[in-house]
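Asker: Give me coordinates for this.
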Amino acid sequence: MSNNGDEKITRRDFFSLVGWAGIAATMGGSAFSFYKYYFPNVLYESQKVFKIGKPSEYPPGLSERWKKERQIWVVRNERGLYAMISICRHLGCTPNWFSDKKVFLCPCHGSIYDLAGNVLGGPAPRLFWRAAVKIDPVDGQIIVDFNHRQDPDPVSTENGLMVEEASREVEPFFLKG
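Answerer: Just a heads-up that it's a prediction; the model follows:
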């Protein structure tokens, strides 16, 4: 080492500096990975409360527009509108709508439902759920709350498991008009 201002870095100093830099980089990377582990930036579940557009966008009958993305059907009848959850009550499969027969058929075990969600046949023990719906006062769109579900006790009849439709057309599961 000289005292005239031009210090030389020895080989030992250079490798020591590289070693400490490697240790610091490893510690910093580990700390960052530890932090990211507890705060993932991806949410794998879809939102359970969502908007599906304005009521005027749904003509009378069944709309399958949201079946794949949100697992709901939107049904408009002469009295109003409701959202039915497209999950079979037997084992959770997704039934298909057959417009020529006016029924939903579950491809897994053959449960049959009508347009109101009543069970016409098959092993399903309960009716389709209906999701809570309301109108957003700001933009007039329909808000569907997938977590708040209507699940009435059905009555066994000769036509299947039924619930009187008037008892299902209540707030917050039915939009009048």
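Asker: When you work out contacts or count neighbours from here on, use the C-alpha atoms and nothing else.
Answerer: Will do.
Asker: Could you check how far residue 107 is from residue 160?
Answerer: 19 Å (Cα to Cα, to the nearest Å).
Asker: and those two? which has more neighbours close in?
Answerer: Set residue 107 next to residue 160 and count neighbours by other Cα atoms under 10 Å: residue 160 wins out with 16 against 13.
Asker: Please name the residues that touch the more buried one.
Answerer: Residue 160 sits next to 118-121 when contact means Cα atoms under 8 Å, 6 or more residues apart in numbering.
Asker: so which of those is the most crowded?
Answerer: residue 119 (27 neighbours).
Asker: That residue reaches residue 113, doesn't it?
Answerer: Yes. Residue 119 lies in contact with residue 113 (Cα atoms under 8 Å); the separation is 4.5 Å.
Asker: Common neighbours of these two, please.
Answerer: Residues touching both residue 119 and residue 113 by Cα under 8 Å, 6+ apart: residue 127.
Asker: which helix in this protein runs the most residues?
Answerer: helix 11-38 (DSSP state H).
Asker: Parallel or antiparallel, list what pairs with whatever helix or strand comes next after that one.
Answerer: Counting by DSSP states H and E, the next helix or strand C-terminal to helix 11-38 is strand 49-51. Pairing partners of strand 49-51, with direction, according to DSSP bridges: strand 142-150 (antiparallel).
Asker: C-terminal to the strand it pairs with, what's the next element?
Answerer: Under the assignment DSSP H and E, the closest C-terminal helix or strand after strand 142-150 is strand 155-157.
Asker: elements contacting that next one?
Answerer: Here strand 155-157 touches strand 160-162, going by 3 or more Cα pairs under 8 Å, 6 or more residues apart in numbering; DSSP states H and E.
Asker: I'd like the average pLDDT over the strand it packs on.
Answerer: Strand 160-162 comes out with an average pLDDT of 89.
Asker: Not counting stretch 99-117 itself, show me its contacts.
Answerer: Contacts of stretch 99-117 (Cα under 8 Å, 6+ apart): 62, 75, 84, 88, 90, 93-98, 119-124, 127-129, 165.
Asker: and it, how far apart are its ends?
Answerer: For stretch 99-117, the first-to-last residue distance is 14 Å (Cα to Cα).
Asker: can you tell me the average pLDDT over that stretch?
Answerer: Rounded mean pLDDT across stretch 99-117 is 93.
Asker: and that stretch, which residues are buried?
Answerer: 103-106, 110-117 (16 or more other Cα atoms under 10 Å).
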